[in-house]
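>>> sequence-free structure coming up:
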DNA sequence: GCCTAATTTGCATACTTATGCATCTATATT
DNA sequence: AATATAGATGCATAAGTATGCAAATTAGGC
């Protein structure tokens, strides 16, 4: 699945330095994802990544973002901002949505989701880098996953 | 001279979108600077530019930076920060140093320089995007130029 | 289930960027 | 001034990235 690969790319980028597309290809292969450079070129375009002196990097603050640093502005951050800043991975399993974030990002993301009060969401549980979102049924979980993903891939 | 070309590259980047190195080459040629793509590749590396969906962009906030936005954090910005954020071009002429900045950047840069109280600087005059730094003699102007350039090309 | 339409992917290749090497230029030294 | 040394540049080409097209896969509709 394509979404899974995009998630994996974000994760790889958050955790390691990617020098070029072939490097990325090899790193994904270790995770069991095998595609060609051509596909990655398209993915990179889609994720709006940019390439600089330090290799590829995510558009927002994703990568080295310390939670504190990003939060220390005035207004309370919107859910969209939280998602874009912290979330790396979104997957649905039955009536649950598992959200992977940068280290330390789970609590604030869960708090933001709670505060948002989406009707499909029954509750959330947050660890250090993972938020478990509980929904009433698979259908609603699917909706939540889709919405999160939309924000993520704005 | 190389410095002049680097200055020009920063200016071009601040004012227009550069899609690729050949695009940059053509834009520089219009300004009377004629070099090959190979040289630009090296310049780009040296300026630590990064290439993303919107073409090449300067490392800091240079580009679309609104003065207000950049200043609205807590601490007073250091001269280095000012230089890196606003200054595009530095040139010496006799006992003066002409500093080109993004629109609206001249006043804050001049203020920062004044506040810094460098001994070589006799005084500054700021317009909208240009600061004129007056020194006692060409020698000191040269030192000031070099120091500014060092900050700029950190 | 089977078919159709749309999306995704790989292949081949065009386009873009980086770099080894030789040459040239500027600067310093004697 | 001539020479030595370091830096800058171009050329040719290697390395890296993007893309048209066709095949394959996926998603819906019947």
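Structure's in. What do you need? The structure presented is a predicted model; accordingly, all values stated were derived computationally and were not measured.
>>> ok, the closest residue to residue A:94 other than its chain neighbours - how many residues close by?
Nearest residue to residue A:94 in three dimensions, chain neighbours excluded: residue A:138, at 5.6 Å (C-beta to C-beta, 6 or more residues apart in numbering or on different chains). Yep, even glycine has a C-beta here, placed from its N, CA and C like the rest. Other residues within reach of residue A:138, judged by other C-beta atoms under 10 Å in any protein chain shown, total 13.
>>> show me the contacts for residue A:138.
Residues near residue A:138 by C-beta atoms under 8 Å, 6 or more residues apart in numbering or on different chains: A:92, A:94, A:95.
>>> and of these, the nearest to chain B?
For those, the closest approach to chain B (C-beta to the nearest C-beta) belongs to residue A:92, at 28.7 Å.
>>> Residues of chain A that sit close to DNA strand D?
A:19, A:20, A:21, A:22, A:37, A:38, A:41, A:42, A:44, A:45, A:51 (C-beta under 7 Å from any atom of the strand).
>>> Which residues are in contact with the spatially most central residue of chain A?
When C-alpha atoms, centre = their mean is applied to chain A, the residue found nearest the centroid is residue A:88 (2.0 Å). Applying C-beta under 8 Å, 6+ apart to residue A:88 gives the contacts A:7, A:10, A:11, A:14, A:62, A:100, A:101, A:102.
>>> And the buried ones among the contacts of residue A:138, selectable in ChimeraX?
Selection of buried members from the contacts of residue A:138 for ChimeraX, criterion 16 or more other C-beta atoms under 10 Å in any protein chain shown:
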select /A:92,95
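>>> Select from the contacts of residue A:138 every entry located in strands.
residue A:92 (DSSP state E).
>>> Would you mind identifying the next helix or strand past the lowest-mean-pLDDT helix or strand in chain A?
Least confident helix or strand, chain A: helix A:67-71 with a mean of 47, by mean pLDDT, DSSP states H and E. Proceeding N to C from helix A:67-71, the next assigned helix or strand is helix A:79-86, under DSSP states H and E.
>>> and that next one, what's its mean pLDDT?
In this model, helix A:79-86 carries a mean pLDDT of 83.
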